[in-house]
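> just a sequence and a predicted model for now, questions to come.
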Amino acid sequence: MGVFQRCKPLLGVVHLPPLPGSTGYKARRYPPRLGKVWSLEEIIEYAVSEASVYEDAGFDGVILENYGDTPYPKTPGPLQVSAMTRIVREVSSAVGIPVGVNMLRNGSVEALASAYSGGGSFIRVNSLCETRLSPEGILEPDAARLAKSLALLGILEERRIEILADVDVKHSQPLVETSIAQTVRDCIERSGVPIAGVVLTGHATGGAPDADEVVAAARTASEYEVKTVVGSGVSQLNLSKYWHIADGFIIGSSIKLGGKPWNPIDKEKARLIASLAERLRRITEGC
């Protein structure tokens, strides 16, 4: 993952309120209790503020996610994409760390469009290579759409925007059971997309993945010089557990106020986990 300056980067998630084009925009309170209804200008201000907290705490990157856009369409609409593009642009201009995009539920091309036009550095794709059964319906692999868009933009040659691909993504189930190692291998070999890292998660937001599965995924991914990222459930309590078996960490719920993804960042928790990561780097060979 060459867009990050340090080994084993920490990537913080900004869980955005409902965006224009979603059913909740200017209609649903966010957070659900004691929250408010957000305009686009307020969302932008919030995103910049939260991203700046991550940067000040010592994180290495930030992911902007349309978390508040429930119920998620399988692919986001043009209003959501245009809003996200503007948010990416404003956040990228305000912070000095790489900015990424995750468009729920499985908008790989939409995330690419926002990152490419907004100045982002990477995207996260929930179902690049697998067919998954989810609350939003059957998620079909998005690799063909993404590969075509990458080719049209010339990014296959530039590699300007890196791709993190979930495997066995949370809030979904496989239609056919297979091993995590085989899933990783198939995704890297057959997607036609230059994957920078595979992402392992628990079964739900805030849930940690099985350590043995992370080991198996990392062993297979390393054969192709692809990194492995723990994408949910990472906290100050278990970072050391995953440190030597993963190459990066996506952190959100555990450092939010009350442990809820829709709440603002707890600045002290963010600072403490970033400090722990820095201490671990000092004793890690190659960091």
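Yep, it's here.
> so the spatially most central residue of the chain, which of the three states?
With distances taken as CA atoms, centre = their mean, residue 124 lies nearest the centre of the chain, 4.7 Å away. Classification of residue 124 using DSSP: H, G, I helix; E, B strand; the rest coil returns strand.
> roughly how far apart are it and residue 13?
9 Å (CB to CB, to the nearest Å). Placement of C-beta: from N, CA and C, glycine included.
> list residues touching both of those two?
Contact criterion CB atoms under 8 Å, 6 or more residues apart in numbering; residues shared by residue 124 and residue 13: 63, 65, 102, 250.
> residue ranges of the strands in this structure, please?
Ranges of strands in the chain, per DSSP state E, are 10-15, 61-65, 99-102, 122-125, 132-134, 137-139, 162-166, 173-174, 195-200, 227-230, 248-251.
> pull up the pairing partners for the third one, direction included.
Just to be clear, that refers to strand 99-102. Within its sheet, strand 99-102 is paired with strand 61-65 (parallel), strand 122-125 (parallel), according to DSSP bridges.
> now the first one and strand 162-166, what's the angle there?
So the one you mean is strand 61-65. Strand 61-65 runs at 60 degrees relative to strand 162-166, counting by axes from the mean of the first three to the mean of the last three CA atoms, to 10 degrees.
> next, the angle strand 10-15 makes with strand 61-65.
Going by the same axes, to 10 degrees, strand 61-65 makes 20 degrees with strand 10-15.
> count the residues that sit near residue 96.
Taking other CB atoms under 10 Å as the criterion, the count of residues near residue 96 is 8.
> same deal with residue 235?
Counted with other CB under 10 Å, residue 235 comes out at 18.
> ok, it - contacts?
Residue 235 neighbours (CB under 8 Å, 6+ apart): 251, 254-255, 273.
> from the residues you listed, list just the buried residues.
Buried subset of the contacts of residue 235 (neighbour count, 16 or more other CB atoms under 10 Å): 251, 254-255, 273.
> I'd say residue 22 and residue 80 touch.
Yes - Residue 22 lies in contact with residue 80 (CB atoms under 8 Å); the separation is 6.1 Å.
> find residues that contact each of these two.
Each of 66, 69 lies in contact with both residue 22 and residue 80 under the rule CB under 8 Å, 6+ apart.
> and the helices in the chain?
With helices called from DSSP state H, the chain shows them at 40-57, 78-94, 108-118, 143-153, 155-158, 180-190, 211-222, 239-243, 267-282.
> which of these sits closest to residue 201?
Closest to residue 201 of those is helix 211-222 (CB to CB; 10.0 Å).
> what's near enough to touch residue 121?
By CB under 8 Å, 6+ apart, the contact list for residue 121 reads 3, 61, 98-100, 115, 160-162.
> how far away is the nearest residue to residue 9 once chain neighbours are set aside from residue 12?
Nearest residue to residue 9, sequence neighbours excluded (CB to CB, 6 or more residues apart in numbering): residue 60, at 3.5 Å. Look at residue 60 and residue 12: by CB to CB, they are 9 Å apart.
> that older thread, in JSON lines: the strands paired with strand 99-102, plus distance to residue 262 and mean pLDDT.
Formatted as JSON lines, those follow (distance: least, CB to CB, whole Å; pLDDT from 0 to 100):
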{"stretch": "strand 61-65", "distance to residue 262": "11", "mean pLDDT": "98"}
{"stretch": "strand 122-125", "distance to residue 262": "18", "mean pLDDT": "98"}
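> nearest to residue 195, of these?
So among the strands paired with strand 99-102, strand 122-125 is nearest, using CB to CB, at 9.0 Å.
> what's that closest one in contact with?
With CB under 8 Å, 6+ apart as the test, strand 122-125 has contacts from 1, 3, 61, 63, 65, 98, 100-102, 106, 108, 111-112, 115, 142, 146, 161-166, 196, 199, 231, 250.
> put the buried members of those residues into a ChimeraX selection.
Burial among the contacts of strand 122-125 is assessed by 16+ other CB under 10 Å; the matching ChimeraX selection reads:
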select :1,3,61,63,65,98,100,101,102,106,108,111,112,115,142,146,161,162,163,164,165,166,196,199,231,250
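> nearest to residue 203 among the contacts of residue 235?
Once CB to CB is applied, the member of those that ends up nearest residue 203 is residue 254, at 15.9 Å.
> residues in contact with that closest one?
Contacts were defined as CB under 8 Å, 6+ apart; by that measure residue 254 touches 206, 233-236, 269, 273.
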